[in-house]
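1. sequence unknown, structure follows:
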């Protein structure tokens, strides 16, 4: 490496950055990756792009991320191409450009990148930078899902469950939700739980639903946290437990979940499982109302009108 061997420099970058057989030293890792990247090592260029994008071991710099990813992408690196797609989609280090994002995602997706395929699925589903095309979304989600991409499996399952871009098929939806859930994808777990709640494609089973909601909620999935709050508040699939309900509502509400904020407004204002606290109730109702929750807006209006 000291004599300029690119492969050895790249290997030392990996060894120091990951701490393989030596004390982990990200600074040294970046140094050696940099030397290899400057000589044209595609993997090192792509790695540096990721490092600078995340600010992991260096000061975060989207401009540096763009520079190194562009060099690697021009040499055909699917990881770099997919990263460029994301940077253009989010406008990080460059002016936001959905068409440019699609271009880079497409290059990576056509080479088999599941990350890019999944991203294209989302882009076509939402019509971001392209005309909305649900069939095209299904196509890309399928390609990624069949290669084991959990987020694509979850999204594909949702399309089958809702009948968007494909004929509604609950059994097919369940298959994909289970595949995603078993990979610890919190959206897949949450979707699967909802299918058990509603008895769609499976027999209705609240206990099974709670199991999957809990796994998703523990990963920070806000929808699952709200649903657990509902379950404990109403005693569905679990013993009624107001304290536990408030715990899960709070976790979601503190992350900005409007429905949980509104529910906490109701709980504190009425004193359900807690001492009645109008001030806390009004505060939570206001947070939900500010996000457009019409029920909270009505309740606040009535409170101010009545002076309660």
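-> Received it, and whenever you're ready, just let me know what you need. All values reported here derive from a predicted model rather than from experimental measurement.
2. Go ahead and confirm residue 106 touches residue 120.
-> Yes - shown here, residue 106 and residue 120 form a contact pair, counting by C-beta atoms under 8 Å, at 6.7 Å. The C-beta positions use only the backbone N, C-alpha and C, and glycine is treated the same way.
3. Which residue of those two possesses the greater neighbour count?
-> Of the pair residue 106 and residue 120, residue 120 is the one with more neighbours under other C-beta atoms under 10 Å, namely 29 against 19.
4. Show residues contacting the helix or strand encompassing the more buried one.
-> Remark: residue 120 resides in helix 114-126, with elements defined by DSSP states H and E. With contacts defined as C-beta atoms under 8 Å, 6 or more residues apart in numbering, helix 114-126 is touched by 78-79, 81-82, 85-86, 89, 98, 101-102, 104-109, 128-130, 132-134, 136-141, 143-144, 147-149, 151-152, 155-156, 159, 164-165.
5. switch the cut-off to 7 Å
-> 78, 81-82, 85, 102, 105-106, 108-109, 129-130, 132-134, 136-137, 140-141, 143-144, 147, 149, 151-152, 155 (C-beta atoms under 7 Å, 6 or more residues apart in numbering).
6. continuing past it, what's the next helix or strand?
-> Defined by DSSP H and E, the subsequent element after helix 114-126 is helix 134-146.
7. average pLDDT across that next one?
-> The predicted model gives helix 134-146 an average pLDDT of 97.
8. ditto for stretch 178-197
-> In this model, stretch 178-197 carries a mean pLDDT of 97.
9. what's the first-to-last distance across that stretch?
-> End-to-end distance of stretch 178-197: 15 Å, with C-alpha to C-alpha, to the nearest Å as the criterion.
10. list the buried ones in that stretch?
-> 178-181, 185-197 (16 or more other C-beta atoms under 10 Å).
11. Kindly report the same for stretch 142-154.
-> The neighbour-count criterion (16+ other C-beta under 10 Å) identifies 142-145, 149-154 as the buried residues of stretch 142-154.
12. Could you dump those residues into a markdown table with distance to residue 215 added?
-> As requested, the buried residues of stretch 142-154 are exported to a markdown table (distance: C-beta to C-beta, whole Å):
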| residue | distance to residue 215 |
| --- | --- |
| 142 | 25 |
| 143 | 27 |
| 144 | 22 |
| 145 | 20 |
| 149 | 19 |
| 150 | 13 |
| 151 | 16 |
| 152 | 19 |
| 153 | 16 |
| 154 | 13 |
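13. what about the stretch 201-308 of the chain, any weak spots by pLDDT?
-> Low-confidence segments of the stretch 201-308 of the chain, defined by pLDDT under 70, span residues 308.
14. same thing but at 90, please
-> Within the stretch 201-308 of the chain, the ranges that satisfy pLDDT under 90 run 273, 278, 299-308.
15. secondary structure element for residue 158?
-> Here residue 158 is covered by helix 150-162, with elements defined by DSSP H and E.
16. now what about that helix, what contacts it?
-> Residues external to helix 150-162 that are found in contact with it (C-beta under 7 Å, 6+ apart): 114, 117-118, 121-122, 138, 141-142, 144-145, 165-166, 168-170, 172-173, 176-177, 179-180, 183, 185, 187-188, 191, 200.
17. Mind doing that once more with 6 Å?
-> Counting by C-beta atoms under 6 Å, 6 or more residues apart in numbering, helix 150-162 makes contact with 118, 138, 141, 144-145, 165-166, 169, 172-173, 176-177, 179-180, 183, 185, 187-188, 191, all of which sit outside it.
18. Which of those fall within helices?
-> 118, 138, 141, 144-145, 172-173, 176-177, 179-180, 187-188, 191 (DSSP state H).
19. Would you mark the buried spots in stretch 5-12?
-> Within stretch 5-12, the residues that qualify as buried by neighbour count (16+ other C-beta under 10 Å) are 6, 9-12.
20. from those residues, which single one is nearest residue 68?
-> Minimum separation from residue 68 among the buried residues of stretch 5-12 (C-beta to C-beta) is found for residue 10, which lies at 13.3 Å.
21. what's the spacing between the closest one and residue 3?
-> Look at residue 10 and residue 3: by C-beta to C-beta, to the nearest Å, they are 14 Å apart.
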